[in-house]
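Colleague: What follows is a predicted structure for the sequence shown.
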Protein chains: 2
Amino acid sequence: MSKVTSLDVARKAGVSQSAVSRTFTEGASVSPVMANKVLKAANELDYRPNILARSLITGRSRIIALVVGYLENQFYPDALEKLSRALKEKGYHILVFFASNDSEKEAQKVVDELIDYQVDGIIAASVSLSHSLADRCKKQNIPIMLFNRRQANRSLSYVTSANFKGGQKATEYLIATGCRRLAHVSGWVETSTGKERAEGFKYALKKFGINPVGIIDGMYNQKMAIKATKTLFSKMPNSPDAIFVGNDHMAFSVMDTVRYEMGLKVPEDVSIVGYDDVPLSAWPAYNLTTVRQPINKMIQATIRGLMNLIENDYAKPTHVKIEGELVLRGSTENRLRQ
Amino acid sequence: MSKVTSLDVARKAGVSQSAVSRTFTEGASVSPVMANKVLKAANELDYRPNILARSLITGRSRIIALVVGYLENQFYPDALEKLSRALKEKGYHILVFFASNDSEKEAQKVVDELIDYQVDGIIAASVSLSHSLADRCKKQNIPIMLFNRRQANRSLSYVTSANFKGGQKATEYLIATGCRRLAHVSGWVETSTGKERAEGFKYALKKFGINPVGIIDGMYNQKMAIKATKTLFSKMPNSPDAIFVGNDHMAFSVMDTVRYEMGLKVPEDVSIVGYDDVPLSAWPAYNLTTVRQPINKMIQATIRGLMNLIENDYAKPTHVKIEGELVLRGSTENRLRQ
DNA sequence: CTGAAAGCGCTAACAA
DNA sequence: TTGTTAGCGCTTTCAG
């Protein structure tokens, strides 16, 4: 009662096994009569071609690896769901791999596993790949798309939002609403996103001749963001009246800390701006002003780039940077202060 | 430069291809000398056995399908991450499938895809399977574990929390803190979880001779939960002083609505209890009292049950129900009222 | 313990 | 358009 093979169908339909294969192969030539006979037998037996066997010969598994660090930040499940739905339309499915960024040895293992499954492509969501790992994938002919991260290695394709500009926009808006004691709880500055957003922040301040009250690396980690916030408010008279945070996930913690630990009001005492615009940011409890990552466009570009890389052996790497708008909500003043 | 095969390794090591296979096959007999020769050549060529080719002969793809409705409710990304990490230890990886519960035809397609990939097992997270779909999987010899859902069909294995008891506990606690006008925004009552939690609520009320102020199905959907909340507070003098909500995801929306639409205080005016204990519930902005789903134990049981089903052709279905504690937080009074 | 050979389910030449 | 045949990369008898 287990596997039904093309041969079973062929026998039942009284045709050759390759005829069965053809009716299930896109763009193969079969007469309508033949196709009907085969389809009928196939339906009766509930036959479906074995993708894995097919992959052996076509060299395509129709599996895309999604490598991701963790799913706690709502941005990633959201991306995962959207990527998966988009890839399904193209006949691919996502095999999930978790990679902690800390150990090169662990990273090696993840690449081992990727290769084991003969994935057709890799989407690395906010994880970096060392040069040697990228090389291994290239040798195995597995294309890589970096999603929401970029690296010095220009041969790697990536899709990001305009992080520098986003950081700048957020900061200039805070200045425009009258804030003068600005602080930044940055994303991990070892990553492109964290670094560029922080640079945008600094650039805007410099432009207006303002010195930052503090810049602390939150490393995209809530605990560290909480600690950073406490530090910012510990050197009193110079405590911030506005904080730009490296992503929404940390911004929630920053806001909670400002409100429930410091006993301050948002935005009356402190304005807060995040980055990403995850669904949670729009919920009334946080109502967070934030720089939107245009996730749908980013997904589109990622898929397009990846498909290109898969289908075209000599495709050039794609480098896409998409600008996102500043979404104004209740965590900042909506008008100038003075 | 693409695929390195066992034959390449064999030639390089000056041994037979089957020797290579053996050194990479758990429990095959190879001499240490042979193994070393092979491993050396394999390392130099960066060879890894092709799981897909192996699957053809072993009948095992080392792929587990996770079928899930959506990832917006934090409970699911959390479960996905934990399942994935646990399965990795056993040498399996997760291929993700999204299934909207609405159309039987869509569901058929998902099962088609599952079969295409020759998955070794299915974890259906909070999605139901019609009898015919379950049958198709059984015919293909693909075991199924229902995660956080159960069905009338006793031949299906499942792992759930003690939903009836959880609903009862939550409700009795609300009564103990002095609430008398209790309402329930239920989970979708067409699902086992939604129905059983609602029944626990009703049972507790009856036990204390209290009539519910209202019971409205929120269908595990935030928009509907918001609407339900508004309805509950529209028939004034009889508005609730406590709401038990079918899961945390909806409870956040209920709380937001109570606070920001109704202008009421939680817990002073209205107590709220959720279900799940997702990470977000512990964040200060919500600080939600909730019935914990013991997710780690549920995951453990799911994996154990699934592995059993996979490895043992005639394994009996597992039915596991795990009790979870009520986690007291700030959305309810911590002491009796009077 | 090792190598030769068969075959998993499929696609892709190649003839007919 | 169809059937025949030869593998894809691997595991697993079967001899030795």
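Modeller: Sure, I can see it. Residues are numbered from 1 along each chain as shown, chains lettered A, B, ... in the order given.
Colleague: Break chain A down into its domains, please.
Modeller: Domain ranges of chain A: A:6-49, A:60-160+A:295-322, A:163-293, per automatic domain parsing.
Colleague: Neighbours of the residue in the stretch 201-338 of chain A that DNA strand C sits nearest to, how many?
Modeller: Across the stretch 201-338 of chain A, the shortest distance to DNA strand C (Cβ to the nearest atom of the strand) belongs to A:Glu311, at 13.6 Å. C-betas here are computed from N, CA, C, even on glycine. Residues near A:Glu311, counting by other Cβ atoms under 10 Å in any protein chain shown, number 11.
Colleague: Please apply the same query to A:Val110.
Modeller: A:Val110: 21 neighbours (other Cβ under 10 Å).
Colleague: Same check on the one 5 residues further on?
Modeller: The tally of other residues near A:Ile115 (other Cβ under 10 Å) stands at 23.
Colleague: what's the distance between it and A:Gln151?
Modeller: 20 Å (Cβ to Cβ, to the nearest Å).
Colleague: and the residue of the stretch 201-338 of chain A closest to DNA strand C, what does it touch?
Modeller: Listed by Cβ atoms under 8 Å, 6 or more residues apart in numbering or on different chains, A:Glu311 has no contact partners.
Colleague: That one and DNA strand D: what is the separation?
Modeller: 19 Å (Cβ to the nearest atom of the strand, to the nearest Å).
Colleague: Check A:Tyr92 too.
Modeller: Noted for A:Tyr92: a distance of 20 Å to DNA strand D, by Cβ to the nearest atom of the strand.
Colleague: Let's see the pLDDT reported for that residue.
Modeller: Reading off the confidence values, A:Tyr92 has pLDDT 98.
Colleague: Now do the contacts for the residue nearest the centre of chain A.
Modeller: Residue closest to the average C-alpha location in chain A (Cα atoms, centre = their mean): A:Ala125, at 4.1 Å. Counting by Cβ under 8 Å, 6+ apart, A:Ala125 makes contact with A:66-69, A:76, A:79-80, A:147-149.
Colleague: re earlier: I'd like the domains of chain A as JSON lines, with distance to B:Lys138 appended.
Modeller: Supplementary listing: those in JSON lines, determined by distance: least, Cβ to Cβ, whole Å:
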{"stretch": "domain A:6-49", "distance to B:Lys138": "11"}
{"stretch": "domain A:60-160+A:295-322", "distance to B:Lys138": "22"}
{"stretch": "domain A:163-293", "distance to B:Lys138": "38"}
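Colleague: Out of these, which is the most enclosed?
Modeller: Of all these, domain A:163-293 has the most neighbours on average by mean count of other Cβ atoms under 10 Å in any protein chain shown, namely a mean of 21.
Colleague: Report the distance from that domain to the chain centre.
Modeller: The gap between where domain A:163-293 is centred and where its chain is centred comes out at 21 Å by Cα atoms, centre = their mean, to the nearest Å.
Colleague: ok, now stretch A:155-173?
Modeller: For stretch A:155-173, the separation from the chain centroid amounts to 14 Å (computed by Cα atoms, centre = their mean).
Colleague: Could you confirm whether any residue of it contacts chain B?
Modeller: No: applying Cβ under 8 Å from any Cβ of the partner chain, one finds stretch A:155-173 separated from chain B by no less than 14.7 Å.
Colleague: Quick check: closest non-adjacent residue to A:Lys82.
Modeller: A:Ile299 (4.9 Å; Cβ to Cβ, 6 or more residues apart in numbering or on different chains).
Colleague: isn't A:Glu199 right up against A:Gly166?
Modeller: No: using Cβ atoms under 8 Å, A:Glu199 is not in contact with A:Gly166; the gap is 10.8 Å.
Colleague: show me the contacts for A:Tyr260.
Modeller: A:Tyr260 touches B:Pro284, counting by Cβ under 8 Å, 6+ apart.
Colleague: does the closest residue to DNA strand C within the stretch 151-300 of chain A have beta-bridge partners, and which?
Modeller: For the stretch 151-300 of chain A and DNA strand C, the shortest gap (Cβ to the nearest atom of the strand) falls at A:Ser157, measuring 25.8 Å. Note on A:Ser157: beta-bridge partners by DSSP bridges are A:Met145.
Colleague: How about A:Val96?
Modeller: Taking DSSP bridges as the rule, A:Val96 bridges to A:Leu66, B:Ile94.
Colleague: quick revisit: ramachandran coordinates for the residue of the stretch 201-338 of chain A closest to DNA strand C?
Modeller: Here is the backbone geometry of A:Glu311 (degrees, to the nearest 10): phi -80, psi -20.
Colleague: And it, what's its pLDDT?
Modeller: A:Glu311 is given a pLDDT of 93.
Colleague: quick one: A:Ile64 is in a strand?
Modeller: Yes: assessed by DSSP: H, G, I helix; E, B strand; the rest coil, A:Ile64 belongs to a strand.
Colleague: dump the residue contacts of it.
Modeller: Contacts of A:Ile64 by Cβ under 8 Å, 6+ apart are A:87, A:92-95, A:119-123, A:306.
Colleague: can you redo those residues as TSV with distance to B:Ala28?
Modeller: Listed next are the contacts of A:Ile64 as TSV, based on distance: Cβ to Cβ, whole Å:
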residue	distance to B:Ala28
A:Leu87	36
A:Tyr92	34
A:His93	31
A:Ile94	32
A:Leu95	26
A:Val119	26
A:Asp120	30
A:Gly121	32
A:Ile122	31
A:Ile123	35
A:Leu306	37
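Colleague: for the residue nearest to A:Lys82, helix, strand, or coil?
Modeller: helix.
Colleague: what about it, distance to chain B?
Modeller: Note on A:Ile299: its distance to chain B, by Cβ to the nearest Cβ, to the nearest Å, is 14 Å.
Colleague: Just confirm that residue contacts A:Arg85, I think it does.
Modeller: No: using Cβ under 8 Å, A:Ile299 is not in contact with A:Arg85, being 9.0 Å away.
Colleague: pLDDT, distance to DNA strand C and secondary structure for the contacts of A:Ala125 - can I get that in JSON lines?
Modeller: What follows is the contacts of A:Ala125, written out as JSON lines (pLDDT from 0 to 100; distance: Cβ to the nearest atom of the strand, whole Å; DSSP: H, G, I helix; E, B strand; the rest coil):
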{"residue": "A:Leu66", "pLDDT": "98", "distance to DNA strand C": "25", "secondary structure": "strand"}
{"residue": "A:Val67", "pLDDT": "97", "distance to DNA strand C": "28", "secondary structure": "strand"}
{"residue": "A:Val68", "pLDDT": "96", "distance to DNA strand C": "31", "secondary structure": "strand"}
{"residue": "A:Gly69", "pLDDT": "94", "distance to DNA strand C": "36", "secondary structure": "coil"}
{"residue": "A:Tyr76", "pLDDT": "98", "distance to DNA strand C": "34", "secondary structure": "helix"}
{"residue": "A:Ala79", "pLDDT": "98", "distance to DNA strand C": "31", "secondary structure": "helix"}
{"residue": "A:Leu80", "pLDDT": "98", "distance to DNA strand C": "28", "secondary structure": "helix"}
{"residue": "A:Phe147", "pLDDT": "97", "distance to DNA strand C": "30", "secondary structure": "strand"}
{"residue": "A:Asn148", "pLDDT": "97", "distance to DNA strand C": "34", "secondary structure": "coil"}
{"residue": "A:Arg149", "pLDDT": "95", "distance to DNA strand C": "34", "secondary structure": "coil"}
